[in-house]
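Colleague: Compute the structure for the input listed below.
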Amino acid sequence: MRKVPTTVITGFLGAGKTTLVRHLLANSRGRRIALIVNEFGDIGVDGELLAACGVADCGDGTDAGFAGRDDIIELANGCLCCTVADEFLPTMQALLDRPNPPDHIVIETSGLALPKPLVKAFHWPEIRSRVTVDGVVAVVDAPAAASGRFASTPEEMARPDHDNPLEEVFEDQLACADLILLNKSDLMEAAALAALQGDIESRLRPGVKTQPTRMSAIDPVVVLGLSAAAEEDLAARPSHHDAEDGHDHDDFESFAVRLPAVDDPAVIEARAVAAIAAHDILRLKGFLAVTGKPARHVIQAVGTRVERYFDRPWKAGEERVGTLVVIGRTGLDRERIEAALQGL
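Modeller: Take a look at the predicted model:
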């Protein structure tokens with residue numbers, strides 16, 4: 001019996017993983033794809049965005065194209081790398097046991113997840129004969145990586161207690177990948193992009209390719225046809241956490257901020273940019289209710305880069321309030337961040 005190919009999409013917060021998944025759905029070419037979406041925190045934003053993807057056949061559950069909203073499975077409040085037995089395996093078994101299982105499974109991990117423990121889970125007896133990891137695709141925020149966002153300074157490295165969880169997660173994601181997408185490459189000068197590409201390629205094992213992308217756009221045949229059988233190649237994919245069970249999420253935290261309806265979403269954008277700069281927030285994303293508008297307004301921010309758009313009409317009976325998810329290193333000043341986003 002043919003094993004169902006599975007693609008693991010990894011990458012740090014805000015790199016463009018969900019944008020890549022939306023691109024794959026929009027260009028599925030009749031392939032029935034099931035999604036497993038994992039987020040860090042209690043509030044799921046990416047699963048909501050994918051459920052409102054606007055792709056033909058996305059919501060009818062038919063056999064044409066994308067398999068339907070029932071095939072978006074959201075696992076929130078934790079990283080799959082730490083909850084493999086409790087959440088991932090039962091989910092995979094349920095997908096595989098369907099009368100008409102998917103042609104391909106795509107797993108979008110949390111931006112704080114380590115891909116290797118997840119790939120290792122494909123050796124579990126319950127699923128090992130039924131699925132294979134077609135490939136691990138790491139999406140990199142190229143401008144952030146080039147600016148040194150994930151690197152330690154010489155002063156930090158000189159400290160005896162040096163610890164940089166951002167760098168460790170980033171390096172683990174690169175080390176496990178079969179394909180690296182240098183996303184947001186259009187925001188960089190050609191020379192800077194070439195230097196980043198050379199630096200990253202110098203860290204990769206032989207055979208791993210890098211590809212600059214804009215808005216995570218790439219031929220799905222490339223992403224969904226790597227045939228890497230990554231679960232059989234674990235020894236070549238080193239991790240900072242090989243001697244551990246998962247990794248320490250005490251380094252990071254998240255919380256949600258509720259906002260009343262706003263007249264102008266640009267005001268919230270300005271507050272978000274200021275709060276990110278003042279408190280070193282890693283990622284901010286969520287939805288706004290805009291006065292007089294029937295549709296929900298999406299806002300996503302990484303550093304000073306903010307994306308905003310209306311994605312779908314509010315549902316009947318749905319509470320029209322805004323919710324923003326804030327993710328950062330442990331120790332965020334929640335009270336001050338909430339006040340800043342609320343304009344208090």
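Colleague: Where does the prediction get shaky in the stretch 201-344 of the chain?
Modeller: 243-250 (pLDDT under 70).
Colleague: To what extent is Phe88 buried, counted in neighbours?
Modeller: Neighbour count for Phe88, taken as other CB atoms under 10 Å: 22. All C-beta atoms are positioned from the backbone trio N, CA, C, and that covers glycine.
Colleague: In three-state terms, how would it be classified?
Modeller: Counting by DSSP: H, G, I helix; E, B strand; the rest coil, the backbone at Phe88 sits in helix.
Colleague: Per-residue pLDDT of it, please?
Modeller: Looking at Phe88, its pLDDT stands at 80.
Colleague: Over to Met157?
Modeller: 48.
Colleague: Over to Asn100?
Modeller: Asn100 carries a pLDDT value of 87.
Colleague: Please name the nearest non-neighbouring residue to Arg334.
Modeller: Nearest non-adjacent residue to Arg334, counting by CB to CB, 6 or more residues apart in numbering: Phe255, 5.7 Å away.
Colleague: Contact partners for the one you found?
Modeller: By CB atoms under 8 Å, 6 or more residues apart in numbering, Phe255 lies in contact with Gly41, Val325, Val326, Leu332, Arg334.
Colleague: Next: Arg296.
Modeller: Counted by CB under 8 Å, 6+ apart, Arg296 has contacts Phe287, Leu288, Ala289, Phe310, Asp311, Arg312, Pro313, Trp314.
Colleague: re earlier: could you give the backbone dihedrals for the residue nearest to Arg334?
Modeller: phi -160, psi 160 (degrees, to the nearest 10).
Colleague: Quick check: beta-bridge partners of it?
Modeller: The residues listed as beta-bridge partners of Phe255 by DSSP bridges are Val326.
Colleague: Packing partners of the host helix or strand of Ala274?
Modeller: Taking DSSP states H and E as the definition, Ala274 sits inside helix 265-279. Judged by 3 or more CB pairs under 8 Å, 6 or more residues apart in numbering; DSSP states H and E, helix 265-279 is in contact with strand 283-289, strand 295-302, strand 305-313, strand 322-329, helix 334-342.
Colleague: swap the cut-off to 7 Å and go again
Modeller: Here helix 265-279 touches strand 283-289, strand 295-302, strand 305-313, helix 334-342, going by 3 or more CB pairs under 7 Å, 6 or more residues apart in numbering; DSSP states H and E.
Colleague: about what we covered before: turn the contacts of Phe255 into CSV, including neighbour count and distance to His297.
Modeller: Shown next, in CSV, are the contacts of Phe255 (neighbours: other CB atoms under 10 Å; distance: CB to CB, whole Å):
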residue, neighbour count, distance to His297
Gly41, 20, 20
Val325, 22, 15
Val326, 26, 17
Leu332, 19, 24
Arg334, 14, 23
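Colleague: okay, those in CSV with distance to Val106 next?
Modeller: Conversion of these to CSV gives the following (distance: CB to CB, whole Å):
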residue, distance to Val106
Gly41, 21
Val325, 22
Val326, 27
Leu332, 31
Arg334, 33
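Colleague: quick one: which of these is nearest to Leu174?
Modeller: Gly41 (23.9 Å; CB to CB).
Colleague: about what we covered before: distance of the residue nearest to Arg334 relative to Ala278?
Modeller: 16 Å (CB to CB, to the nearest Å).
Colleague: number of nearby residues for the spatially closest residue to Ala295 that is not a sequence neighbour?
Modeller: Leaving aside its sequence neighbours, Ala295 sits nearest to Phe310 (CB to CB, 6+ apart; 4.0 Å). Each residue near Phe310 was counted by other CB under 10 Å, and the total is 14.
Colleague: Gly286 now?
Modeller: Gly286 has 24 neighbours, counted by other CB under 10 Å.
Colleague: what does Ala274 give?
Modeller: 13.
Colleague: repeat for Gly207
Modeller: Gly207 has 8 nearby residues by other CB under 10 Å.
Colleague: Could you do Val290 as well?
Modeller: Neighbours around Val290, by other CB under 10 Å: 18.
Colleague: for it, which residues make a bridge with it?
Modeller: Val262.
Colleague: That one and Val262 touch, don't they?
Modeller: Yes - in this structure, Val290 is within contact of Val262 by CB atoms under 7 Å, at 6.1 Å.
Colleague: coming back round to it: distance to Arg31 added to the helices and strands packed on helix 265-279, as TSV?
Modeller: Below are these laid out as TSV (distance: least, CB to CB, whole Å):
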stretch	distance to Arg31
strand 283-289	28
strand 295-302	27
strand 305-313	24
helix 334-342	40
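Colleague: Nearest to His104 among those would be which one?
Modeller: It's strand 305-313; of the helices and strands packed on helix 265-279, that one is closest to His104 (CB to CB) at 24.7 Å.
Colleague: For the residue nearest to Ala295, give its distance to Gly16.
Modeller: In terms of CB to CB, Phe310 sits 20 Å off from Gly16.
Colleague: What of Arg283?
Modeller: For Arg283 relative to Gly16 (CB to CB), the value is 12 Å.
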